[in-house]
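Asker: give me a model of this one.
(one chain, ligands or ions: 1)
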Amino acid sequence: MKKLNIGMIGYGFMGRAHSNAYRKVSNFFDLEYQPVLKAACARDAGKVKEFAQKWGYESTETDWRKLLERKDIDAVDICTPNNTHKEIALAAAKAGKMILCEKPLSMNAAEGEEMVRAVESAKVPNMVWYNYRRVPAVTFAKQLIDQGKLGRIFHFRAKFLQDWTISADVPQGGQGLWRLDVHAAGSGVTGDLLAHCIDTAIWLNGSVKNVSATTETFVKERKHNLTGKVEPVGIDDACIFMCRFANGSMGNFESTRYARGHKAQYIFEINGEKASIAWDLHDLHRLSYFDHRDEGPLRGWRSIHVTDGDHPYMKHWWVPGLQIGYEHSFVHQVADFIEGLSKGKPASPTFRDALETQRICDAVLKSAKTGTWENVAS
Ligand code: SOE
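Answerer: Residues are numbered from 1 along each chain as shown. Alright, predicted model coming up:
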């Protein structure tokens with residue numbers, strides 16, 4: 001098996017999720033390349049060494065520029081806060097490295113466009129980690145839609161709800177909390193959570209034409225971990241938007257970090273002329289399906305346990321009926337990336353695909369400011 005040498009930049013939650021995927025993938029999938037955890041990179045020498053030891057990285061770096069200079073690195077994984085994605089990606093493309101970038105692609109669409117230009121002119125394979133596409137039940141939903149099982153689609157609705165920032169005592173900025181700092185994150189729930197819903201939506205239901213949004217920042221000031229001062233909060237704590245898809249269907253999206261009791265409830269439902277489907281991250285191995293063509297009195301919502309050998313990805317895991325979880329979606333994404341390399345057919349979402357999500361996020365945030373419908377740039 002050929003080796004694919006990975007250079008990981010960052011060691012937070014996503015650094016762990018991706019490292020786990022690189023380690024597992026060759027045990028379960030037969031692929032042309034085997035990821036090798038070559039180097040982990042982060043500014044704190046002690047912490048990055050600890051991370052490298054725990055996950056089995058062969059070496060460490062404390063400057064990502066040094067990592068990019070290394071001849072023994074084939075692919076760079078960007079797992080740092082959003083405000084660093086562009087700079088690292090542009091340099092990585094210039095250095096001829098493949099790039100796997102954590103979502104969202106960028107702070108905004110303008111940055112995303114530069115990143116797309118850079119990877120496309122350097123012709124380096126690239127992908128953005130929108131992992132929920134690779135939950136088998138979600139991939140199965142895509143198959144059902146592509147087979148025309150739903151017929152014409154009327155509605156797409158999605159929610160991503162959390163509750164971890166309700167306390168005004170939660171500070172903003174720094175490790176673990178950069179998501180609350182607009183200068184590091186670019187936006188709040190729109191770029192962090194709705195970006196997932198949007199990525200799934202455009203994959204399943206096609207492009208979005210225009211949006212009408214409203215946002216709220218419930219806690220207006222928080223202590224900043226890096227300055228020690230109480231500073232204004234610039235992110236959106238909650239966002240609700242409606243949209244029109246190019247296929248004529250209507251979209252309805254909501255995300256908040258103020259839904260007491262919800263830790264990570266991502267749900268979507270799609271209503272078509274012939275059938276509907278619904279999915280819930282809390283029950284991620286199930287897909288709810290209602291088919292209007294079912295025999296009259298027996299008609300009802302089916303709860304499909306997406307764990308059989310003929311369900312997407314499942315033949316690679318255990319025996320039928322035994323379910324898998326969140327971390328496997330990342331394993332699937334690495335497997336698809338590697339298969340894309342072998343076949344010369346890039347795995348989605350590429351930087352270009354993820355730019356579409358970025359453009360929708362921009363239109364959502366703009367609409368929340370202007371109070372009017374905004375078109376999505378193309
Ligand atoms: C935020 O809490 C977060 O970790 C997101 O950043 C992830 O993308 C999402 O999958 C889970 O929630």
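
Asker: show me where the stretch 51-200 of the chain has its helices.
Answerer: Counting by DSSP state H, counting those that start in this stretch, the stretch 51-200 of the chain has these helices, from start to end: 64-69, 85-94, 109-122, 136-146, 182-185, 189, 195-205.

Asker: which one of those lies closest to residue 350?
Answerer: For those, the distance to residue 350 is smallest for helix 109-122, at 8.0 Å, taking Cβ to Cβ. C-beta here means a position set from N, CA and C on the backbone, and glycine is covered the same way.

Asker: quick check on the spatially most central residue of the chain: phi, psi?
Answerer: Residue closest to the mean C-alpha point of the chain, counted by Cα atoms, centre = their mean, is residue 130 at 2.5 Å. Backbone dihedrals for residue 130, given as degrees, to the nearest 10, come out at phi -90, psi 90.

Asker: I'd say residue 242 and residue 249 touch.
Answerer: No: taking Cβ atoms under 8 Å as the definition, residue 242 is not a contact partner of residue 249, at 11.4 Å.

Asker: one step back: contacts only, for the residue nearest to the centre of the chain.
Answerer: Shown here is residue 130, whose contacts under the criterion Cβ atoms under 8 Å, 6 or more residues apart in numbering are 103, 195, 196, 199, 200, 349, 354, 357.

Asker: can you get me a residue count around the second one?
Answerer: Which is residue 195. Number of residues near residue 195 (other Cβ atoms under 10 Å) recorded here: 25.

Asker: got it, and residue 162?
Answerer: Based on other Cβ under 10 Å, the number of other residues close to residue 162 is 19.

Asker: below-threshold pLDDT in the stretch 251-378 of the chain: ranges please.
Answerer: In the predicted model, the stretch 251-378 of the chain carries no residue with pLDDT under 70.

Asker: got the residue ranges for the strands in it?
Answerer: 265-272, 275-280, 286-291, 302-305, 374-375 (DSSP state E, counting those that start in this stretch).

Asker: ok, now the stretch 1-150 of the chain?
Answerer: Counting by DSSP E, counting those that start in this stretch, the segments of the stretch 1-150 of the chain that form strands are 2-9, 33-41, 59-61, 75-78, 98-102, 126-129.

Asker: figure out which of the strands of the stretch 251-378 of the chain is closest to the ligand.
Answerer: Each of the strands of the stretch 251-378 of the chain was scored for nearness to the ligand using Cβ to the nearest ligand atom, and the closest is strand 265-272 (7.5 Å).
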